[in-house]
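[1] Next input, structure requested:
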Amino acid sequence: MHGGTDIQGGNHLLIGDTAALPALMRKLDGLPAGARAIAVIKAEYDERPQVGTGADLSVHWADEYRGLNDVVRGLFLPQDQLNAWVACEATEARLICTQLVEDHGVDPSRLYTLIW
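    Residues are numbered from 1 along each chain as shown. Predicted structure coming up:
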């Protein structure tokens, strides 16, 4: 489940841990004004950056007690052209990608992952 394309049209779901934060912020900055986006970011409360973009953005936070996968599980995701970008540790990324495809119906060709 490692889609190779980074599709720009449609709705956007960006998921990342602390290591992915610089790339995630660049992706948010690159979204066109009015684009619809959901960001799920793992960062402790005192390490959370200001997140702003011209996009219609909702931000959900994960931390050491509530991981990225737990937050994603509770999301209501748009079903129309959802582009998912997942950047985190490999084990957690696999869980998230499986959940996105099997439980949320994300098209695997619109799923892009960066793992370490």
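
[2] residue boundaries of the helices in this protein?
    Assigned by DSSP state H, the helices in the chain fall at 21-29, 68-73, 90-102.

[3] how about JSON lines for these, with mean neighbour count, distance to residue 112 and mean pLDDT added?
    In short, each C-beta sits where N, CA and C put it, glycine included. What follows is these, written out as JSON lines (neighbours: other CB atoms under 10 Å; distance: least, CB to CB, whole Å; pLDDT from 0 to 100):
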{"stretch": "helix 21-29", "mean neighbour count": "16", "distance to residue 112": "10", "mean pLDDT": "91"}
{"stretch": "helix 68-73", "mean neighbour count": "19", "distance to residue 112": "15", "mean pLDDT": "96"}
{"stretch": "helix 90-102", "mean neighbour count": "17", "distance to residue 112": "10", "mean pLDDT": "96"}
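
[4] Tell me which of those helices lies nearest to residue 42.
    Distance to residue 42, taken as CB to CB, is lowest for helix 68-73 among these, at 5.2 Å.

[5] rewinding a little: redo the helices of the chain as a markdown table? Include distance to residue 113.
    Below are the helices of the chain laid out as a markdown table (distance: least, CB to CB, whole Å):
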| stretch | distance to residue 113 |
| --- | --- |
| helix 21-29 | 12 |
| helix 68-73 | 12 |
| helix 90-102 | 5 |
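
[6] Residue 81 is nearest to which of these?
    Closest of these to residue 81 is helix 90-102, at 14.1 Å (criterion: CB to CB).

[7] Only the C-alpha atoms, please, for the closest one, written as CSV.
    Written as CSV, here are the backbone C-alpha positions of helix 90-102 (Å, rounded to 0.1, in the frame of the first residue of the first chain):
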residue,chain,number,x,y,z
ALA,A,90,6.8,2.0,9.0
THR,A,91,4.8,-0.1,11.5
GLU,A,92,2.3,2.7,12.2
ALA,A,93,2.1,3.6,8.5
ARG,A,94,1.1,0.1,7.6
LEU,A,95,-1.7,0.1,10.2
ILE,A,96,-2.9,3.5,9.0
CYS,A,97,-2.8,2.6,5.3
THR,A,98,-4.7,-0.6,5.9
GLN,A,99,-7.3,1.2,7.9
LEU,A,100,-7.6,4.0,5.2
VAL,A,101,-8.2,1.5,2.5
GLU,A,102,-10.3,-1.2,4.3
